[in-house]
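Novice: I'll drop the sequence and a predicted model, then ask my questions.
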Amino acid sequence: MDRSRPLKLWLAGVLFLGIMLLSSITFAQEEVASAIRRYKAYEASTGYYEEYEVRPRHQRPLIGVPNIREGIFPYSPTIAKVRSRTHLADSHQGIRFYAGRQCGDCHPAAALDIHTTRANLTCRQCHGDEPIASINFYWSPLNPIRRHAYVCAKCHEGANASYAAYVVHAPNPALAKTFDEFPVLAWAFWIMVVIAVGTFVLFLPHTILWGVRELFVKKKTKEKKTIEPDSKNAD
Amino acid sequence: MNPTVKTRIKRFTPLQRIFHLFLMLTFLIQGATGLARMFIETSWGKNLSYVFGGYEAARSIHIYVGIIMLCGLAIHIIYLLFKVNWRNFPSSLYGPDSLLFSPKDVKDFFQHVAWFFGIKKAPHFDRWGYWEKFDYWAVFWGMIILGGTGLLLTWQLAASRIMPGWGLNVALWIHRIEAILAMAHVFLIHFFVGHLRRQNFPMDRAMFEGSVNLDDARHERPAWIARLEQSGELDGVLVSEAMTAQRVTYYVIGFAAVAVGLYLLIGALINVRYISW
């Protein structure tokens, strides 16, 4: 009997377990690219899949969320508003004319954060190359479990998971919906605005009226030094 | 003018004037560097940042000067602790020379507003008017809010160990709005009161020279002068006018500050629609 056979069997077993337990990014993305295996992949990984993914292939262009449908051809840039693509390996999978589009075409607000406008970062410096995974896709570099190390730390050395909770694409704090999306930010913003506006509502008219009123005060001359305060204030 | 004639009444000590000068200089630097960064998308903001060496250098200066301001605040608090009359504490805090608000300030405010409309006589202000107390405490609260959020934003990594990272989003907005409030208040209201009011036109030198004209004080703060006359302290606080060269220096500093403030205010207002928040 071959004496090395147990060792080979042991190694094969380890390899088999490795293949079973440790998938790779490439492997996962290939699954998504396959119309045959993609559903199982999601059920095995996150249990999450979109409605269109469990429907026959010919219905795929009509993707949407239940009870929400926009237009005859909802598979358009505007449908981004009603799609939930938060766990996809290729978050843009299936979007028409995708190759000819730029990020800002469909995500105009996301291109206005201070990382982009001030630090001159491009989208791909954080979101990576194609296919761009959803941030909650397990293997995405932007998944919260590894975002701090894979993305933030590229510029912010020593970034930790808490640090990565900074919301790069923060919602506009002035909008009503921000009370749902980021309530602490919305409350802080409006409390500060009330303080600032309140200060000016009080002191701007006060200052203007004061300035105007003093125009009607008889300005004393240097010679008139002994006038009583009451008589001066009376004017 | 005879420099030996004592026509002015002492209002601020040299140390208090230094505090104001320090605050004036650091505040303008913080305003300029902060706006340079906020408006970096515009040519106005870029040009402003070049004064300080560019976008990154403006941030460094903003941080260092901010820390210096906080040190100044700490020194000022220590100074206050020495100035408090501990023997009569806490009643000494509510005396007429105190900057703490009192019920008289509320009464003065409404009477003053009524005077604007000619309904009542002008209130008899004591040493500090209610608007001066507001200015003083606004700086206090402003420095604590701006300094606190500024420290969080400066040491973001350390801050994220004691709070979630999204707290930095909140800190950034609080910092912004408080800074806008502070700058707009100083450049519009404080400058107007200090320069454009007929009583003070073209500039109230009190904070630089340390004294105000006795007649003006008698007119605007009769309660203060009456109190000093009654206690016999008035003669002891009378001082002569500063020399011409000193007065020119005060005007140059004061008008330079106004020019910088108005440049920042007008530039920001013109360019505000071109920046992303």
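Specialist: Now that the structure is in, tell me what you want to look at. Residues are numbered from 1 along each chain as shown, chains lettered A, B, ... in the order given.
Novice: switch to C-alpha atoms for all contacts and neighbour counts from now on
Specialist: Will do.
Novice: show me where the chain has helices.
Specialist: Since no chain was named, I'll use chain A. A:5-21, A:25-33, A:38-45, A:103-106, A:114-117, A:123-127, A:147-150, A:178-181, A:183-215, A:229-233 (DSSP state H).
Novice: correction: the question concerned chain B.
Specialist: Using DSSP H, helices in chain B cover B:14-38, B:43-51, B:55-83, B:103-116, B:130-154, B:156-162, B:167-184, B:191, B:206-209, B:214-220, B:222-231, B:244-271.
Novice: between the first one and helix B:244-271, how many degrees?
Specialist: Our comparison of helix B:14-38 with helix B:244-271, counting by axes from the mean of the first three to the mean of the last three C-alpha atoms, to 10 degrees, yields an angle of 30 degrees.
Novice: show residues contacting helix B:14-38.
Specialist: Helix B:14-38 is contacted from outside by B:45-49, B:52, B:55, B:58-59, B:61-62, B:65-66, B:69, B:72, B:76, B:179, B:183, B:207-210, B:257, B:260-261, B:264, B:268, B:275, using C-alpha atoms under 8 Å, 6 or more residues apart in numbering or on different chains.
Novice: next: stretch A:201-209.
Specialist: B:113, B:116, B:189, B:192-193.
Novice: pipe these into TSV and attach pLDDT per row.
Specialist: Shown next, in TSV, are these (pLDDT from 0 to 100):
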residue	pLDDT
B:Val113	95
B:Phe116	94
B:Ile189	95
B:Phe192	94
B:Val193	92
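Novice: restrict the residues you listed to those near chain A?
Specialist: Among the contacts of stretch A:201-209, proximity to chain A is found for B:113, B:116, B:189, B:192-193 (C-alpha under 8 Å from any C-alpha of the partner chain).
Novice: re earlier: now the helices of chain B in JSON lines, with mean neighbour count?
Specialist: Output for those, formatted as JSON lines (neighbours: other C-alpha atoms under 10 Å in any protein chain shown):
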{"stretch": "helix B:14-38", "mean neighbour count": "19"}
{"stretch": "helix B:43-51", "mean neighbour count": "18"}
{"stretch": "helix B:55-83", "mean neighbour count": "16"}
{"stretch": "helix B:103-116", "mean neighbour count": "16"}
{"stretch": "helix B:130-154", "mean neighbour count": "17"}
{"stretch": "helix B:156-162", "mean neighbour count": "17"}
{"stretch": "helix B:167-184", "mean neighbour count": "21"}
{"stretch": "helix B:191", "mean neighbour count": "20"}
{"stretch": "helix B:206-209", "mean neighbour count": "20"}
{"stretch": "helix B:214-220", "mean neighbour count": "21"}
{"stretch": "helix B:222-231", "mean neighbour count": "16"}
{"stretch": "helix B:244-271", "mean neighbour count": "15"}
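Novice: in JSON lines: those, plus distance to A:His127.
Specialist: What follows is the helices of chain B, written out as JSON lines (distance: least, C-alpha to C-alpha, whole Å):
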{"stretch": "helix B:14-38", "distance to A:His127": "25"}
{"stretch": "helix B:43-51", "distance to A:His127": "28"}
{"stretch": "helix B:55-83", "distance to A:His127": "25"}
{"stretch": "helix B:103-116", "distance to A:His127": "57"}
{"stretch": "helix B:130-154", "distance to A:His127": "24"}
{"stretch": "helix B:156-162", "distance to A:His127": "22"}
{"stretch": "helix B:167-184", "distance to A:His127": "20"}
{"stretch": "helix B:191", "distance to A:His127": "48"}
{"stretch": "helix B:206-209", "distance to A:His127": "54"}
{"stretch": "helix B:214-220", "distance to A:His127": "64"}
{"stretch": "helix B:222-231", "distance to A:His127": "66"}
{"stretch": "helix B:244-271", "distance to A:His127": "31"}
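Novice: backbone phi and psi for the nearest residue to A:Arg147 once chain neighbours are set aside, please?
Specialist: Distances taken as C-alpha to C-alpha, 6 or more residues apart in numbering or on different chains place A:Pro141 nearest to A:Arg147, at 5.7 Å, with adjacent residues excluded. When read as degrees, to the nearest 10, the backbone of A:Pro141 gives phi -60, psi -20.
Novice: so A:Pro141 makes contact with A:Lys154?
Specialist: No: A:Pro141 is not in contact with A:Lys154 according to C-alpha atoms under 8 Å; the separation is 11.8 Å.
Novice: who has more neighbours out of the two?
Specialist: A:Pro141 (22 against 13; other C-alpha atoms under 10 Å in any protein chain shown).
Novice: show the end-to-end separation of stretch B:226-244, please.
Specialist: 30 Å (C-alpha to C-alpha, to the nearest Å).
Novice: near chain A, which residues of the stretch 151-277 of chain B show up?
Specialist: Within the stretch 151-277 of chain B, the positions lying close to chain A (C-alpha under 8 Å from any C-alpha) are B:156-157, B:160-161, B:163-170, B:173-174, B:177-178, B:181, B:185, B:189, B:192-193, B:196-199, B:215, B:218-220, B:222, B:276-277.
Novice: how about a cut-off of 6 Å?
Specialist: When proximity is defined by C-alpha under 6 Å from any C-alpha of the partner chain, the stretch 151-277 of chain B lies next to chain A at B:160, B:164-166, B:170, B:181, B:197-198, B:219.
Novice: columns pLDDT on top of the residues you listed, output as TSV?
Specialist: Output for those, formatted as TSV (pLDDT from 0 to 100):
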residue	pLDDT
B:Ser160	90
B:Pro164	89
B:Gly165	90
B:Trp166	91
B:Val170	95
B:Leu181	96
B:Arg197	89
B:Arg198	88
B:His219	89
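Novice: same list, these, but as TSV with distance to B:Ile9 please.
Specialist: Output for these, formatted as TSV (distance: C-alpha to C-alpha, whole Å):
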residue	distance to B:Ile9
B:Ser160	52
B:Pro164	53
B:Gly165	53
B:Trp166	52
B:Val170	46
B:Leu181	33
B:Arg197	20
B:Arg198	20
B:His219	13
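Novice: tell me the one among the residues you listed nearest to A:Glu214.
Specialist: Nearest to A:Glu214, judged by C-alpha to C-alpha, of those is B:Arg198 at 5.9 Å.
Novice: I'd like to know how many residues surround the closest one.
Specialist: B:Arg198: 20 surrounding residues under other C-alpha under 10 Å.
Novice: for it, list the residues it contacts.
Specialist: Counting by C-alpha atoms under 6 Å, 6 or more residues apart in numbering or on different chains, B:Arg198 touches A:Glu214.
Novice: do that again at 10 Å, thanks
Specialist: With contact set as C-alpha atoms under 10 Å, 6 or more residues apart in numbering or on different chains, B:Arg198 has these partners: A:210-217, A:219, B:192.
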